[in-house]
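Enquirer: Got a sequence here, can you build the structure:
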Amino acid sequence: MSSSASAAVLRRLGDRLGLRRLATLPDYAAGEAERPQHPTSKDAYFAAVHHLSTIVRRDFYLERTLNRLRLPSPFPPDLALRVIRAAAPAEPLHAARFLAWLRAKPNFSPSAEHFDALLLPLARSRLFTHLWTQASNMRALDLPLSPSTFSAVISSYGHSRLAEQAVEVFNRLPHFGCPQTTEVYNALLDALCANGNFVGAYKLIRRMERKGVAPDRATFSTLVDAWCASGKLREAQAFLDDMATRGFRPPVRGRDLLVDGLVRAGQLEEAKAFALRITKEGVLPDVATFNSLAQALCDSGDVEFAVNLLADASSRGLCPDISTYKVMLPAVAKAGRIEEAFRLFYAAVEDGHRPFPSLYAAIVKALCKAGRFADAFAFFGDMKSKGHPPNRPVYVMLVKMCVKGGRFLDAANYLLEMSEAGFEPRAPTFIVVVDGLRHLGKHDIARRMEQLEMSLKETKQIGN
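Expert: Now for the predicted structure:
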């Protein structure tokens, strides 16, 4: 959309509806050319999208208001698409009215994207009658229907406990010219499993075999997750074995799918026992599966088992990735196992990962909690030179830990360092540090910290 078109939309919106003028809008003078106050027209464009989507969502007399705005003709299709996408999630029926108003214009031709932006919000709101009306409109206009959109529609039916309607949608897709892809099959499989219809799910798998549709990991994991959620580990294993005899090979090993399924089902003890057993047998899970299990273990507070499992799996050939360390290291440090946290940290460094703030901040915090401030400061200083520069949350955490430990001089130093790094401390942080310094009798330093706070505020006001 051009700058002049977006500016015209905004001017009419403001004149007709009495909207407040934004600083981003161009200023107009009689007989004078438009003078944008920003280097590009993006501000005016997205302001137009925002104002129009607000009208679509909130105006009861929508069509009358749109007619009074005297919007540009022909209406820009990209602007229409953005307005529908912005309004449909909250008010899908109002967005449908907006699209109907546009279609009534002789010079506007909707595309498949305009309808696709409506179908999924209608499905999520369970407005299925209106959804099929829009699908019929697409068919009448010879517009293609997206398999991904109707996959979401089928899932919406399934999770609304309308499995029969989900099957009906699946069967009607060829009537609308939409191919039944693997994504569509997976959506129906998920709908059937969500309603406990495992017999229908098996029939659907056999239909995939007859139709020559290749399954993917989601196909297998959907059924395995459903079995594991029902506490039927043997049935899940039998399903994977049966699929293997039929020629279906999951993209990952079946045991990894079982571990993932148990973790998603919340059956952590079964997942622990199964993972420990297969590890002892010499069958290692893949890194993604191990990370999901480790995350569940750490979230439940069973850090000891996660550490032992990682050590056992690593000794047998598992190669942790950066996600493994992001899961394990903060949990280990929070549990107070500082030496183990250091071991994991330096193992990550040896693997070629440059330390980033969220990785080493956990160790710094654990050292401060243990009262080892000298070690924390030395480690933090080492990371500033060898790792990624600390960010604002790391500085704030370090200042707070110094305050809690009564080390107000160190807190003042890091507060100053934080300001020099371009991170403006908040007023409560200054107050607690200044009060602590005065309590220690360091009135000169407290006064300097107050002056620093005032200078930062003045700089911010000048910048604004």
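
Enquirer: Who are the contact partners of the closest residue to residue 335 other than its chain neighbours?
Expert: Closest residue to residue 335 apart from its sequence neighbours, by C-beta to C-beta, 6 or more residues apart in numbering: residue 303 at 4.6 Å. (Glycine included, C-beta is placed from N, CA and C.) Contact criterion C-beta atoms under 8 Å, 6 or more residues apart in numbering gives 297, 331, 332, 335, 337 as the residues in contact with residue 303.

Enquirer: Give me the pLDDT value at residue 303.
Expert: In the prediction, the pLDDT value recorded for residue 303 is 88.

Enquirer: how far away is it from residue 97?
Expert: For residue 303, the distance to residue 97 under the criterion C-beta to C-beta, to the nearest Å works out to 54 Å.

Enquirer: ok, now residue 144?
Expert: Here residue 144 is placed at a distance of 24 Å from residue 97 (C-beta to C-beta).

Enquirer: just the helices in the stretch 51-200 of the chain please.
Expert: 62-69, 77-87, 92-103, 112-124, 128-140, 147-159, 163-172, 182-194, 198-211 (DSSP state H, counting those that start in this stretch).

Enquirer: Of all those helices, which one is nearest residue 451?
Expert: Smallest distance to residue 451 across those (C-beta to C-beta): 46.2 Å, for helix 77-87.

Enquirer: So which other helices or strands are in contact with the closest one?
Expert: Other elements packing on helix 77-87 under the criterion 3 or more C-beta pairs under 8 Å, 6 or more residues apart in numbering; DSSP states H and E are helix 3-17, helix 42-58, helix 92-103, helix 112-124.

Enquirer: gap between the two ends of stretch 84-94?
Expert: Using C-alpha to C-alpha, to the nearest Å, one end of stretch 84-94 lies 9 Å from the other.

Enquirer: now swap in stretch 170-177 and tell me
Expert: 12 Å.

Enquirer: Tell me which residues of that stretch come out buried.
Expert: By neighbour count on 16 or more other C-beta atoms under 10 Å, the buried set for stretch 170-177 is 170, 173, 176.

Enquirer: can you check stretch 407-427 too?
Expert: Residues of stretch 407-427 classed as buried under the neighbour-count rule (16+ other C-beta under 10 Å) are 407, 408, 410, 411, 412, 414, 415, 416, 418, 419, 423, 425.

Enquirer: So which of the residues you listed is the closest to residue 101?
Expert: Closest approach to residue 101 among these (C-beta to C-beta): residue 423, at 48.5 Å.

Enquirer: tell me the phi and psi of the closest one?
Expert: According to degrees, to the nearest 10, the main-chain angles of residue 423 amount to phi -100, psi 110.

Enquirer: Surely it touches residue 392?
Expert: Yes. Residue 423 is in contact with residue 392 according to C-beta atoms under 8 Å; the separation is 4.3 Å.

Enquirer: excluding its backbone neighbours, what's nearest residue 276?
Expert: Across the structure, with C-beta to C-beta, 6+ apart as the measure, the residue nearest residue 276 apart from its sequence neighbours is residue 309 (6.8 Å).

Enquirer: neighbours around that neighbour, how many?
Expert: Neighbour count of residue 309, defined by other C-beta atoms under 10 Å: 21.

Enquirer: element containing it, please.
Expert: When elements are assigned from DSSP states H and E, residue 309 belongs to helix 303-315.

Enquirer: Send me that helix as PDB with only the CA atoms.
Expert: Listed next in PDB are the C-alpha coordinates belonging to helix 303-315 (Å, rounded to 0.1, in the frame of the first residue of the first chain):
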ATOM      1  CA  VAL A 303      17.500 -33.000  39.800                       C
ATOM      2  CA  GLU A 304      19.600 -35.900  41.200                       C
ATOM      3  CA  PHE A 305      18.100 -38.500  38.900                       C
ATOM      4  CA  ALA A 306      18.500 -36.100  35.900                       C
ATOM      5  CA  VAL A 307      22.200 -35.600  36.700                       C
ATOM      6  CA  ASN A 308      22.800 -39.300  37.200                       C
ATOM      7  CA  LEU A 309      21.000 -40.200  34.000                       C
ATOM      8  CA  LEU A 310      23.000 -37.600  32.000                       C
ATOM      9  CA  ALA A 311      26.300 -39.000  33.400                       C
ATOM     10  CA  ASP A 312      25.300 -42.500  32.600                       C
ATOM     11  CA  ALA A 313      24.100 -41.700  29.100                       C
ATOM     12  CA  SER A 314      27.100 -39.500  28.400                       C
ATOM     13  CA  SER A 315      29.500 -42.300  29.400                       C
END
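
Enquirer: circling back: now, which of the buried residues of stretch 407-427 lie within helices?
Expert: Helix and strand membership here follows DSSP state H; of those, those in helices are 408, 410, 411, 412, 414, 415, 416, 418, 419.

Enquirer: pLDDT below threshold where in this structure?
Expert: Confidence mapping of the chain against pLDDT under 70 gives the ranges 1-41, 230-233, 240, 242-258, 265, 278, 281-283, 461, 463-464.

Enquirer: Nearest to residue 260 among the buried residues of stretch 407-427?
Expert: Taking C-beta to C-beta as the measure, residue 260 sits nearest to residue 423 out of the buried residues of stretch 407-427, at 39.4 Å.

Enquirer: Can you give me every residue that contacts the closest one?
Expert: Taking C-beta under 8 Å, 6+ apart, one finds 391, 392, 395 in contact with residue 423.

Enquirer: got it, and residue 187?
Expert: For residue 187, the set of contacting residues under the criterion of C-beta under 8 Å, 6+ apart consists of 150, 151, 152, 154, 155, 158, 166.

Enquirer: Now a PyMOL select for only the buried ones of those.
Expert: Once 16+ other C-beta under 10 Å is used to decide burial, the buried members of the contacts of residue 187 can be selected in PyMOL as follows:
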select buried, resi 150+151+152+154+155+158+166
